[in-house]
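next one to model:
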Amino acid sequence: MAFLLIKIIEDNLGRIYDLFGFRRYELSFETMNKSLNSDIQLMTERQEHITQGLTILLKDLENNNNVSSHGRYMIINEIKGYLISKSKVYKAIDIEPSLAETKIFRPVFILSLPRTGSTFLHCLLSQDSRWKAPAYWEILQQIPVITDPLMEEHKNIIKTFNRNTNFLKDIWGREDIENSHLMDITDPEDVATLLAAEGLHFLLNDIFELPNYKRYLSNLPYDTWVKIYKNMKLRLQVLSRYQNMENRRLMLMFHLGSYNNKLALLDVFPDAQFIFLHRDLSKIIPSVASLFSYIARQYYPRNKEDVQLICNNLTKRYIRETETIDDWLNHEKFQNTSFKRVHHISFKELVDFPLDTVKAIYNAVDMTYTNECEALFKTYIDEQKQHKRNKHKYRNMNIDKEEIEDKTREYCNKYSIQKGL
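A predicted model of the protein is given here:
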């Protein structure tokens with residue numbers, strides 16, 4: 001509980017500073033940027049969307065009284081870490097230009113809202129080594145990685161990440177977080193993490209009221225999205241340079257939200273395919289809101305995280321997502337292909353018939369389903385059954401189930417989504 005004690009002390013120090021009219025940690029892009037080295041400053045200067053996004057984000061957070069002193073410290077250091085990781089990519093390319101030439105052939109994106117079984121499916125498919133599903137630590141570290149065998153340097157990086165995550169669980173609530181989302185730094189994770197260095201921070205956008213930042217994300221120009229995805233692709237190329245990509249395909253997870261643009265994504269990955277998972281929003285929202293509220297504890301004053309605000313933000317955003325699905329699915333970029341662009345799966349299908357679901361996925365994305373991969377899948381499924389966690393208890397919040405049902409009725413009917421699951 002030492003890390004929790006540090007947070008409490010830090011938050012109390014912040015309150016003392018506030019009494020005298022000072023901020024212990026200023027949330028300002030200009031101030032933060034000056035503390036970084038010249039290479040990173042040049043990177044943010046050349047890529048204006050980074051400066052613009054982070055300037056608006058940090059200004060909104062600076063004006064938000066719900067951000068604790070410890071939260072301010074965490075936000076500043078997290079953003080610095082993302083920018084430092086991104087700068088390593090350019091340094092690596094300067095030394096070895098061939099890193100930027102890694103071929104990416106027909107990547108597959110698991111596309112869904114959170115809490116739809118997407119993490120389970122991502123981890124399940126990653127058991128087949130013909131997929132390259134970047135582990136969370138790889139995404140955070142952003143250096144070319146040789147995985148067979150894993151170098152001692154990288155083993156130490158994993159140990160450090162695991163130790164830091166273990167400390168944070170004291171703040172998140174160890175039992176709460178482990179019952180809702182048992183994390184392992186070596187598991188594959190949402191590639192949206194790569195977009196944090198582009199000025200896109202979906203979690204902060206969901207757990208706080210950030211009106212100007214929300215507006216910024218909603219109005220991000222199409223060509224800026226393309227630039228962002230080109231940067232993401234470059235980082236994936238560098239990361240996987242020494243991982244036999246000539247014989248593998250990328251398997252990536254991308255949760256729907258204000259931090260993605262599906263059409264711009266296809267400009268950068270024109271041969272991409274999508275596995276689209278669907279689930280009842282009335283089950284998704286309380287689960288995600290509870291999970292996000294646990295993580296929000298590192299940013300809010302102790303026991304002050306606003307669960308209802310998070311719930312309201314998610315409800316608005318997720319309903320809007322279901323209402324706009326057909327707008328992009330019916331676009332010619334999704335329709336005019338010689339291969340199957342999107343394969344739809346319901347949460348119930350995945351839970352009840354995981355192996356049949358995977359077989360259908362392999363057929364849809366033109367991957368050969370073998371006895372070897374089936375054996376790996378069966379082992380993983382059995383292991384998950386043996387290590388079942390305690391039931392995730394949702395936090396108290398007011399959910400307008402009638403509004404959700406009314407506004408998602410067409411969506412549920414179209415994709416055969418069973419209510420209450």
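
which ones are touching the residue lying closest to residue 206 once chain neighbours are set aside?
Of all residues beyond its chain neighbours, the one nearest residue 206 is residue 313 (5.1 Å), with distances taken as C-beta to C-beta, 6 or more residues apart in numbering. (Glycine included, C-beta is placed from N, CA and C.) Neighbouring residues of residue 313 by C-beta atoms under 8 Å, 6 or more residues apart in numbering: 205-207, 209.

which of those residues tops the neighbour count?
Of all the contacts of residue 313, residue 207 has the most neighbours under the rule other C-beta atoms under 10 Å, reaching 26 neighbours.

and it, what does it touch?
So residue 207 contacts 292-293, 295-296, 299-300, 305-306, 309-310, 313 (C-beta under 8 Å, 6+ apart).

tell me the pLDDT at the residue nearest to it when sequence neighbours are not counted?
Spatially, and ignoring its direct neighbours in sequence, residue 207 is nearest to residue 296 (4.3 Å; C-beta to C-beta, 6+ apart). Residue 296 carries a pLDDT value of 97.

ok, now the one 10 residues further on?
Residue 306 is assigned a pLDDT of 97 by the prediction.

and the one 3 residues further on, by the same measure?
Looking at residue 309, its pLDDT reads 97.

which ones are touching it?
Shown in contact with residue 309 (C-beta under 8 Å, 6+ apart): 207-209.

make sure it is indeed in a helix.
Yes. Residue 309: assigned to a helix according to DSSP: H, G, I helix; E, B strand; the rest coil.

so how far is residue 112 from it?
In this view, residue 309 and residue 112 are 23 Å apart by C-beta to C-beta, to the nearest Å.

wait, is residue 116 part of a helix?
No. Using three-state DSSP, the secondary structure at residue 116 is coil, not a helix.

that one - how many residues pack around it?
As a burial measure, residue 116 scores 26 neighbours (other C-beta under 10 Å).

same question, residue 301
The tally of other residues near residue 301 (other C-beta under 10 Å) stands at 20.

check contacts around the nearest residue to it once chain neighbours are set aside.
Using C-beta to C-beta, 6+ apart and skipping the chain neighbours, the partner closest in space to residue 301 is residue 68 (4.5 Å). Contacts of residue 68 were listed using C-beta under 8 Å, 6+ apart, and they are 7, 10-11, 14, 299-302, 304.

coming back round to it: between the contacts of residue 309, which sits nearest residue 3?
Closest approach between the contacts of residue 309 and residue 3, by C-beta to C-beta: residue 207, at 19.4 Å.

low-confidence ranges in the chain?
Scanning the chain with the threshold set as pLDDT under 70 gives 142, 145-149, 258-259, 387-390.

sorry, back to before: I'd like the contacts of residue 309 as TSV, with secondary structure and distance to residue 186 appended.
Putting the contacts of residue 309 into TSV (DSSP: H, G, I helix; E, B strand; the rest coil; distance: C-beta to C-beta, whole Å) gives the following:
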residue	secondary structure	distance to residue 186
207	helix	26
208	coil	30
209	coil	35
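
ok, the residues you listed vs residue 199, which is closest?
Nearest to residue 199 among these, with distances taken as C-beta to C-beta, is residue 208, at 15.9 Å.

tally of neighbours for the closest one?
Applying other C-beta under 10 Å, I find that residue 208 has 22 neighbouring residues.

give me the buried positions along the helix or strand containing residue 44.
Here residue 44 sits within helix 38-46, counting by DSSP states H and E. Buried residues in helix 38-46, defined by neighbour count with 16 or more other C-beta atoms under 10 Å: 40-41, 43-44.

okay, now residue 332: neighbour count?
Residue 332: 8 neighbours (other C-beta under 10 Å).
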